[in-house]
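# Structure, please.
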Amino acid sequence: MPERSGSDRIIAFGDVIDDVVAMPYGAIRPDTDTAASIGFRAGGSAANTAAWLGSLGAKVDFVGVVGAYDFERHTGLLERAGVTSHLRAHPTLTTGTIVIIVEGEHRTMLTERGANTELDPVDVTTELLANATVLHLTGHSLLNSAGSEGFTALVARAKKAGARVSVDPGSAGFIADYGAEKFLAAISGAALLFPSLEEGRVLTGLTDPAEIVAKLAETFPTVVLTMGSGGVVIAHDGTTLTVPAVNSPVVDPTGAGDAFCAGFLNEWMRSGDLARSASAGAKVASRAVGVIGGRPQL
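Next up is the predicted model:
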């Protein structure tokens, strides 16, 4: 069971995004029109996890950066989800935007990070960390002006304050572009790692789920490998366990991993039981794929 400190709060630090979700009615036709359903949703991996945590009743703080024009809107959206918002408004950069093309259970994402490039780990203050049991980070948070040094320093500060650090790597493409060894070095010190199967393959160069978690467990105390409908494989303290997925119709897979992290961390804070935590995460992920966008419908 995680050591508890302060008021058992979770801090999520990372991206806030405006998602443009396009769902074509048929195959996309180059150089001409393709009819589609297009919606606008608030997103960003870390912000999504914070929103799901808030919807579950967890005490959660979110730290991130948005364009000044969007500050009140995004603050309000987070707070309506039960999140205590610590957004910083950037005076010139716009809020990050992703165009998400959803085709069945697959997504294509076109990303402009915008104000997220100015994420600063020092915004996660000593006062916030003093009241936190968990600091949840996402891999894309490395893509900021403070770089890996600032990220690593934040992990060290959190551990010194008594908070456990969890990391959601972000995406296989991001890790491949950033460099797997460089990424693993930057997040060294994290207590929990939440890779997807594809992210795990990029991080280790291995393909078998059991081998992937065993390799990553050499560095991280708890590794939680998510495999969509294939369920979850967990490595902890020399043991491996599997937990089945909660299968449900997929409307939009966006944010399923973010929701899983929220469900897992919420239960882990309560019980410390890894199997129960993974089952809770799977249940929340099954809810996430049933809605358009990456956050709970309020």
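# packing partners for the helix or strand harbouring Glu211?
Per DSSP states H and E, Glu211 falls inside helix 209-216. When contacts are defined as 3 or more Cβ pairs under 8 Å, 6 or more residues apart in numbering; DSSP states H and E, helix 209-216 packs onto helix 197-204, strand 222-226, strand 232-236, strand 239-243. Heads up, the C-betas are built off the backbone N, CA and C, glycines and all.
# Within its sheet, name the partner strands of the last one and how each one runs.
The pairing partners recorded for strand 239-243 under DSSP bridges are strand 232-236 (antiparallel).
# Could I get the CA-only coordinates of the partner strand as PDB?
C-alpha atoms of strand 232-236 as PDB (Å, rounded to 0.1, in the frame of the first residue of the first chain):
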ATOM      1  CA  VAL A 232      -3.300  -5.900 -18.300                       C
ATOM      2  CA  VAL A 233       0.000  -7.400 -17.200                       C
ATOM      3  CA  ILE A 234       1.600  -6.200 -14.000                       C
ATOM      4  CA  ALA A 235       5.100  -6.800 -12.700                       C
ATOM      5  CA  HIS A 236       5.800  -6.000  -9.100                       C
END
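# And stretch 288-295, how far out from the chain middle?
From the chain centre to the centre of stretch 288-295 is a distance of 14 Å (Cα atoms, centre = their mean, to the nearest Å).
# Name the residues of it that are buried.
Buried residues in stretch 288-295, counting neighbours by 16 or more other Cβ atoms under 10 Å, are found at 288-289, 291-295.
# Now, the residues you listed that are in strands?
Judged by DSSP state E, strands contain none of the buried residues of stretch 288-295.
# Same list (those residues) but as JSON lines, adding distance to Asp33 and pLDDT.
Below are the buried residues of stretch 288-295 laid out as JSON lines (distance: Cβ to Cβ, whole Å; pLDDT from 0 to 100):
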{"residue": "Ala288", "distance to Asp33": "30", "pLDDT": "94"}
{"residue": "Val289", "distance to Asp33": "28", "pLDDT": "91"}
{"residue": "Val291", "distance to Asp33": "27", "pLDDT": "91"}
{"residue": "Ile292", "distance to Asp33": "21", "pLDDT": "91"}
{"residue": "Gly293", "distance to Asp33": "24", "pLDDT": "90"}
{"residue": "Gly294", "distance to Asp33": "27", "pLDDT": "93"}
{"residue": "Arg295", "distance to Asp33": "29", "pLDDT": "95"}
